[in-house]
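>>> Sequence first, then the predicted structure, then my questions.
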Amino acid sequence: MTADPSRQSIKLGPLAGYAGYYLRLAQDASFEAFAARVGRGDLRPGFFTLLTLIRENPGITQTAISQASGRDKSTLTPALRTLEERGYIGRERVDHDRRSFKLFLTPAGEEAIAQLSDHARAHDEELDQIIGLQNKAEFLRILRAIVNGLSDPQDSR
């Protein structure tokens, strides 16, 4: 019987000491676990952030949601288009800027975010068990410091 190549010992070299490497693996693992928990292909983990931001900020513009979600236009626009096509969000033109749209949840979007919120709470409880409740505040502080320290509001990198 041949060993599963994905289970073979792989030398990571300098990756073993890089926080960014483990941040990416952690994000992937978290997204996969959340998606498995949700069990619906039409409600992907990334939609939870967008729907939550729209629910909490009715009329939010695409520019503002891009900044709040950390997504650039090339990934945000298709995601919003998908949410709109599935009937979860609606868009209206901004009166003073006809090129901008304000976003809002539809009744189907309200239902979808309610379902996703239940799954997100359960998923976060699972993460709390891994991180430890006593470590959560510090863990979030460190993650925010990474985001703030690496974010460039002028996008001049």
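Happy to help now that I have it.
>>> Need the residues that contact the longest strand seen in the chain.
Ranked by residue count under DSSP state E, the longest strand found in the chain is strand 97-105. With Cβ atoms under 8 Å, 6 or more residues apart in numbering as the contact definition, strand 97-105 has outside contacts at 51, 54-55, 58-63, 65, 80, 88-94, 113. Quick note: C-beta positions are derived from backbone N, CA and C, even for glycine.
>>> for that strand, the distance to its chain's centre please.
Counting by Cα atoms, centre = their mean, to the nearest Å, strand 97-105 is centred 21 Å from the centre of its parent chain.
>>> contacting residues around the residue nearest the centre of the chain?
Centroid-nearest residue in the chain, with Cα atoms, centre = their mean: residue 46, separated by 4.1 Å. Residues near residue 46 by Cβ under 8 Å, 6+ apart: 31, 79.
>>> would you list every one of the strands in the protein?
Remark: strands assigned in the chain by DSSP E are 60-61, 89-94, 97-105.
>>> got the angle between the second one and strand 97-105?
This means strand 89-94. Interaxial angle, strand 89-94 versus strand 97-105 (axes from the mean of the first three to the mean of the last three Cα atoms, to 10 degrees): 150 degrees.
>>> Parallel or antiparallel, which strands does the lowest-mean-pLDDT helix or strand in the chain pair with?
Ranking every helix and strand in the chain by mean pLDDT, DSSP states H and E puts strand 97-105 at the bottom, with a mean of 87. Sheet pairing of strand 97-105 (DSSP bridges) gives strand 60-61 (antiparallel), strand 89-94 (antiparallel).
>>> Next, format those as CSV and append mean neighbour count, mean pLDDT and distance to residue 126.
Converted to CSV, those look like this (neighbours: other Cβ atoms under 10 Å; pLDDT from 0 to 100; distance: least, Cβ to Cβ, whole Å):
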stretch, mean neighbour count, mean pLDDT, distance to residue 126
strand 60-61, 18, 94, 29
strand 89-94, 15, 90, 28
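>>> Thanks again, I'm all set now.
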